[in-house]
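J.: 3D model of this:
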Amino acid sequence: MKKTLLTAILLCSSILAKSQNHDNKWVAGISGSYVIFQDNSLGSRYNTQAPKINITRYLFYGFSLEGAATLSGIGDIDGLLSNNFSYNSLDGYLRYDFNLSDNNLVPFIAIGASFIGAPSSRQDSNPTSTFNTAIGGTLWVTHHWGINAQMIYKISPQEFRSMVNHTQLTGGLVYSFRPRILVRRLWNRR
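T.: This is a model prediction of the structure:
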C-alpha cells in the first residue's frame, strides 16, 4: 500500500512539475526610473530612482502578473541629479500583451496598484496607495535578454494627500529564465 501511494504521489508530482514548466514563463528585470509629479507640492517636480526590480509570470492568453519594487538606491550626484526625498514603492500589475508573447517586440498595457512610501519633504506625510495604468514594451534581443520600457501613470486618491498623481518612466534589462524562440527578422532572411 505504501509503495502504491508513493508511486501515485511521485507520478502526480512529475505531471504537475511538467505542467508548471510547460508554461513556466518567468521573467526578471532591473531598471531605472524617472518620476514626473503633477505639481511642485512635494518640493520638486522630478525624482530619479534606481533600481527598480521586477518579476513577471505569464498566466494565459496574453495575461501576465508583475510585481515590482522601486528603491531610491542612488543618492544625489552633484551636477547631474538631486532628489528632495526618497521614492520607494511596491507595485503589482495585471498585464496584457495582445497575445504577442512569442514575438521579438512585445507591447503591453497594464493596470495595477502601488504602495508608495511617505515623502520626507512633507510634514506628517503617510504612505500612499495608488491606482496605476501603464503601457510599455519589451524588445527581445537574444534568447534570454531583452530591453524593457514602461510609462506608468499613478493616480493618488484625494484622501491621500501625501502623494500627488505622477508619471513614472522606466527603462532597463529583462531576463527570461527559459530561452525564448526568437522570430527571424526580415534582415536575417535569405
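J.: what segments of the chain are helices?
T.: Taking DSSP state H, the helices of the chain run over residues 2-22.
J.: max-length strand in it?
T.: strand 46-60 (DSSP state E).
J.: could you say what helices and strands it packs with?
T.: Secondary-structure packing of strand 46-60 (3 or more C-beta pairs under 8 Å, 6 or more residues apart in numbering; DSSP states H and E): strand 26-37, strand 63-70, strand 166-176. C-betas here are computed from N, CA, C, even on glycine.
J.: possible to save those strands as TSV with mean neighbour count and mean pLDDT?
T.: Converted to TSV, these look like this (neighbours: other C-beta atoms under 10 Å; pLDDT from 0 to 100):
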stretch	mean neighbour count	mean pLDDT
strand 26-37	18	94
strand 63-70	18	96
strand 166-176	18	96
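J.: so where's this structure uncertain?
T.: Residue ranges of the chain with pLDDT under 70: 1-24, 75-76, 79, 184-190.
J.: one step back: check the offset of the longest strand of the chain from the chain's centre.
T.: 3 Å (C-alpha atoms, centre = their mean, to the nearest Å).
J.: next one: stretch 109-116 to chain centre, how far?
T.: The answer for stretch 109-116 is 9 Å, by C-alpha atoms, centre = their mean.
J.: correction: the previous question concerned stretch 127-145.
T.: 4 Å.
J.: in it, what's buried?
T.: In terms of neighbour count (16 or more other C-beta atoms under 10 Å), stretch 127-145 has its buried residues at Thr128, Thr130, Asn132, Ala134, Gly136, Gly137, Thr138, Trp140.
J.: which ones among those map onto strands?
T.: Thr128, Thr130, Asn132, Ala134, Gly136, Gly137, Thr138, Trp140.
J.: beta partners for the first one?
T.: Translated: Thr128. Ile116 (DSSP bridges).
J.: before we move on, what about the fifth one?
T.: When bridges are called by DSSP bridges, Gly136 pairs up with Phe108, Gln150.
J.: correct me, but it touches Gly112?
T.: No. In this structure, Gly136 is not within contact of Gly112 by C-beta atoms under 8 Å, at 12.0 Å.
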